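# need coordinates for the following:
(2 chains)
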There are 2 protein chains.
Amino acid sequence: MNPLPTTEKNARLLKLQQVLITMQAEACLITSSVNQYWLTGFIFDGYILVYAAGDPLLFVRRPVGLSGENIIAIRKPEQIPGLLREAGLQVPKQVLLESDTITLSAALRLQAALEMPEVGNISSAIRIIRSVKSAYELNQIRESAAIHAKVYELIPSLYRKGMTDLALQIEIERQMRLHGSVGIFHSFGENMDIFMGSMLAGDNAQAASPYDYALGGGGITPLLPLGANGTPLTPGTTLMVDMAGNYRPNMDDMTRTFVIEHAPDIAYKAHQVSLNIVHTIEASTKAGVPCAELWHQAEKIVKEHKLEAYFMGTAQQAKFVGHGVGLEINEPPVLTPRSKEVLEPGMAIALEPKFVLPGIGAVGIENTYIVHSDRLEKVTLYEEALGVLK
Amino acid sequence: MNPLPTTEKNARLLKLQQVLITMQAEACLITSSVNQYWLTGFIFDGYILVYAAGDPLLFVRRPVGLSGENIIAIRKPEQIPGLLREAGLQVPKQVLLESDTITLSAALRLQAALEMPEVGNISSAIRIIRSVKSAYELNQIRESAAIHAKVYELIPSLYRKGMTDLALQIEIERQMRLHGSVGIFHSFGENMDIFMGSMLAGDNAQAASPYDYALGGGGITPLLPLGANGTPLTPGTTLMVDMAGNYRPNMDDMTRTFVIEHAPDIAYKAHQVSLNIVHTIEASTKAGVPCAELWHQAEKIVKEHKLEAYFMGTAQQAKFVGHGVGLEINEPPVLTPRSKEVLEPGMAIALEPKFVLPGIGAVGIENTYIVHSDRLEKVTLYEEALGVLK
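Model prediction:
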């Protein structure tokens, strides 16, 4: 894996420092893995102190022996003020933390260690700047999507009659790993556990889950109530495959649906409505379009076909039709009816209009798109029609 | 998966309420998945409010439609005070939160929603009560270990000459899933990412990682610098397999080491020292023994064999020889030189004296034990000698 190019690092730092200036903040302290990687290209146990100008300082507890410019070994955060003074730097009186990810205990300890600065929250601001990707990042998403498509191509050959959703998922997971998936991926928010993605067969697609993903599923353990639950893949039902596209640090997101041998007409019809939605949005969307507009376009088509009761679930229905993707699988913008966000060039969004049909299963697709000034670029290039497993 | 027995639930609630009484706290609010499951047997998006006496109240945002005794549907935490008053209950003026896992943003929002109670931290106290397991929980650990051993038995048959550590790991992951592993498992602490366990081949065992696991490894991406890194399995080197034992909600932990065809004498010698350490500790340990004593016993044997430079790593050495296991893979007690903890009946501990030999790889084992009043019970019953892959 290549290190993060210096031009990328510098550009990211500059964006972050512009946020500090806009927020009139002296400094921020970065603690989450995702943002450590975003700023430096690697992950460590410690803190990145970023002032509104100048080089960031990396206070590193582990790995021991890590050296480099602006890397300072520490054992505990209480050493930071002394080290700053030794270096002739101010101990900031005002610090922004990643309040949406740092724990209360860690935040209180840091605040005390830094001699009780005023604390603010930089989480949302970083998520917003990360939502507009560089050419380097967008290329990672294209590369990830290309590998993602190769893995999905194998699905019909992995299927055996009589399999359960879980048995097939295990073979897909193996192919994902053989194709370079690192296994875990990051989601933003608490209680957003997931393992390598989600597969929903038959009526398991109706099972409501506690997580804020598009659909649910019962899972195989009360510790992870999501996705495949051991449902046999039965002729006449559908299987929705929404496994992760984590083949690069910046990810794509792609869902495809298969029928088991055959399915009732309504499955083909509703699937076609999902395709109509993404194709309508593809044709009408570019930078400058409000995100809420994408939801409204989807909703209009859903209502024309009187499929509201099945859109994005049945008993529990998700109120979004898509979301940004990047280092986390759920980045801004969110495509909801009340979104105030507007699409910008360089954003990467997943569109996932899905239907859950009682007695049959979920149908629909999810594609990832890059937003350009004049169009959407589809990166998940894989057959969109219902596939057949037989 | 069977639901949590009522007797278990009641016993756990009682222990938690005794903690509240001891800490002179009015109530606590449980938000983490692990402790939600521990208290109720399921996971949801919401809050469990536990008073020092009486039934807990479950405020549930998702899944929608969840019903049952003491389950109250909410959209947002700001509704809680009104709902409590309607039910004739006090809005607590003092609330303990899981400060070690709840985010700063979530904590501040909850505190405001609850009309600014005084906030304390219940995380450690729950970890301590969870460290002493019930018969039901201990049985899960035994069951998990039995399946874990079955998967490890397959390793020689999964090996092919010329494989990398990662290629073999992928085949082991598949077998884990086929044997019921749910994939993800919980670790306590920030920046403790891991994917299904760790395999270390040759000198990759020396790579220092940012995480607080016993050993490191470079991994295959800067987003997860841990474990297998694509090292070819070369004759004359070793492969340490420390894959997860997550076949039940309460887990076991087990490491075994294999030589690739053969290895230098020092590998056999150091491995035997690891066995001596666990067997010495097994013979001398029971409830009442201080945890630090286990570290000191290990250290004494390591020094007798002059293997200090290789114990628990080389450049970066872990300062513990074991840890508790349960719903999380790193529970109390921790077996460190400065531990103040004392072993109690019902604790489950993993002992993992490991050596990293430059030019060869890691050797040693890890077993999980249940602490009884008169002995340790070993639950990871799988051949301890160096295995051979050929």
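
# quick one: mean pLDDT for stretch A:159-178?
Averaging pLDDT along stretch A:159-178 yields 98.

# what are the buried residues along it?
Judged by neighbour count (16 or more other C-beta atoms under 10 Å in any protein chain shown), stretch A:159-178 contains these buried residues: A:159, A:163-177. All C-beta spots, glycine's among them, are computed from the backbone N, C-alpha and C.

# chain B next: which of the residues you listed are close?
A:167, A:170-171, A:173-174, A:177 (C-beta under 8 Å from any C-beta of the partner chain).

# could those residues go into CSV alongside secondary structure and distance to B:Tyr51?
Below are these laid out as CSV (DSSP: H, G, I helix; E, B strand; the rest coil; distance: C-beta to C-beta, whole Å):
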residue, secondary structure, distance to B:Tyr51
A:Ala167, helix, 45
A:Ile170, helix, 44
A:Glu171, helix, 49
A:Glu173, helix, 43
A:Arg174, helix, 48
A:Arg177, helix, 47
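
# now the two most distant members of those.
A:Ala167 and A:Arg177 (16.4 Å; C-beta to C-beta).

# can you pull out the helices in the stretch 101-250 of chain A?
A:104-113, A:123-131, A:135-153, A:155-158, A:165-178 (DSSP state H, counting those that start in this stretch).

# er, the stretch 251-390 of chain A actually
A:265-284, A:291-304.

# any chance of those in a markdown table, with distance to B:Glu331 too?
Output for the helices of the stretch 251-390 of chain A, formatted as a markdown table (distance: least, C-beta to C-beta, whole Å):
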| stretch | distance to B:Glu331 |
| --- | --- |
| helix A:265-284 | 45 |
| helix A:291-304 | 43 |
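
# nearest to chain B, out of those?
helix A:291-304 (19.4 Å; C-beta to the nearest C-beta).

# neighbours around the closest residue to chain B within the stretch 1-150 of chain A, how many?
In the stretch 1-150 of chain A, the residue that lies nearest chain B is A:Pro63 (3.5 Å; C-beta to the nearest C-beta). For A:Pro63, the neighbour count with other C-beta atoms under 10 Å in any protein chain shown is 20.

# phi, psi for the residue of the stretch 201-350 of chain A found nearest chain B please.
Distances between the stretch 201-350 of chain A and chain B by C-beta to the nearest C-beta are smallest at A:Ala208, namely 3.5 Å. Taking degrees, to the nearest 10, you get phi -80, psi 140 for the backbone angles of A:Ala208.

# show me what contacts it?
Contact analysis of A:Ala208 by C-beta atoms under 8 Å, 6 or more residues apart in numbering or on different chains lists A:216, A:313, A:315-316, B:62-66.

# how about the residues of the stretch 1-150 of chain A by chain B?
Neighbours of chain B within the stretch 1-150 of chain A, by C-beta under 8 Å from any C-beta: A:1, A:3-4, A:31, A:33, A:37, A:41-46, A:62-66, A:97, A:99-108, A:119, A:121, A:123.

# buried subset of those, written for PyMOL?
In PyMOL, a selection of the buried entries from the residues of the stretch 1-150 of chain A next to chain B looks like this (16+ other C-beta under 10 Å):
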select buried, chain A and resi 1+4+31+33+37+41+42+43+44+45+46+62+63+66+97+99+100+101+102+103+104+105+106+107+108+119+121+123
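
# the residues of the stretch 1-150 of chain A next to chain B in strands, which ones?
A:45-46, A:62, A:97, A:119, A:121 (DSSP state E).

# so A:Asn276 sits right up against A:Val302, yeah?
No - contact criterion C-beta atoms under 8 Å: A:Asn276 and A:Val302 do not qualify, at 9.7 Å.

# circling back: may I see the helices of the stretch 251-390 of chain A arranged in CSV, with distance to chain B and mean pLDDT as well?
Output for the helices of the stretch 251-390 of chain A, formatted as CSV (distance: least, C-beta to the nearest C-beta, whole Å; pLDDT from 0 to 100):
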stretch, distance to chain B, mean pLDDT
helix A:265-284, 22, 98
helix A:291-304, 19, 98
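
# closest to A:Gly189 out of these?
Comparing these against A:Gly189 with C-beta to C-beta, the closest turns out to be helix A:291-304 (18.3 Å).

# ok, and for that closest one, which residues are buried?
For helix A:291-304, the neighbour count (16+ other C-beta under 10 Å) marks A:291-295, A:297-299, A:301-302 as buried.

# swap in stretch A:43-58?
Across stretch A:43-58, burial judged by 16+ other C-beta under 10 Å covers A:43-52, A:56-58.

# also stretch A:243-263?
Across stretch A:243-263, burial judged by 16+ other C-beta under 10 Å covers A:243-260, A:263.

# from the centroid of chain A, which residue is nearest?
Closest residue to the average C-alpha location of chain A: A:Ile329 at 0.7 Å, with C-alpha atoms, centre = their mean.

# and that one, what does it touch?
With the criterion set at C-beta under 8 Å, 6+ apart, A:Ile329 makes contact with A:185-187, A:244, A:251, A:253.

# mind running it again at 6 Å?
Shown in contact with A:Ile329 (C-beta atoms under 6 Å, 6 or more residues apart in numbering or on different chains): A:185, A:187.

# equivalent analysis for the one 10 residues further on, please.
Neighbouring residues of A:Ser339 by C-beta under 6 Å, 6+ apart: A:291-292.

# tell me how chain A divides into domains.
Under automatic domain parsing, the residue ranges defining each domain of chain A are A:6-129, A:132-389.

# most packed of those?
domain A:132-389 (a mean of 21; mean count of other C-beta atoms under 10 Å in any protein chain shown).

# span of it from start to end?
In domain A:132-389, first residue to last residue: 38 Å (C-alpha to C-alpha, to the nearest Å).

# one more: stretch A:346-366?
End-to-end distance for stretch A:346-366: 19 Å, by C-alpha to C-alpha.

# and that stretch, how far out from the chain middle?
Relative to its chain's centre, stretch A:346-366 lies at 15 Å (C-alpha atoms, centre = their mean, to the nearest Å).

# any idea of the mean pLDDT for it?
98.

# what does it rub up against?
A:131-133, A:141, A:200, A:202, A:205-206, A:214, A:237-238, A:240, A:253-255, A:257, A:267, A:270-271, A:274, A:277-278, A:298, A:307, A:310-314, A:321-325, A:367-371, A:384.

# stretch A:36-49 too?
Against stretch A:36-49 from outside (C-beta under 6 Å, 6+ apart): A:3-4, A:12, A:29-31, A:33, A:56-62, B:191, B:210, B:222-223, B:225.

# and what of stretch A:263-282?
With contacts defined as C-beta under 6 Å, 6+ apart, stretch A:263-282 is touched by A:236, A:238, A:294, A:297-298, A:301, A:305, A:307, A:351, A:353, A:355, A:360, A:363-365, A:367, A:376, A:384, A:386.

# let me see the contact set for the residue nearest to A:Gly202 when sequence neighbours are not counted.
Among residues not flanking A:Gly202 along the chain, A:Thr237 sits closest, at 4.2 Å (C-beta to C-beta, 6 or more residues apart in numbering or on different chains). By C-beta under 6 Å, 6+ apart, A:Thr237 lies in contact with A:202, A:260, A:360-361.

# again, only this time at 10 Å
Remark: with contacts taken as C-beta atoms under 10 Å, 6 or more residues apart in numbering or on different chains, A:Thr237 is in contact with A:165, A:201-205, A:231, A:258-264, A:267, A:357, A:359-362.

# sorry, back to before: from the ones in strands among the residues of the stretch 1-150 of chain A next to chain B, which single one is nearest B:Glu8?
A:Asp45 (35.4 Å).

# low-confidence ranges, chain A, go.
Applying pLDDT under 70 to chain A flags residues A:1-2.

# got a list of what the residue lying farthest from the centre of it touches?
Note on chain A: the largest C-alpha distance from the chain mean falls to A:Glu86, namely 40.7 Å (C-alpha atoms, centre = their mean). A:Glu86 sits next to A:Ile72 when contact means C-beta under 10 Å, 6+ apart.
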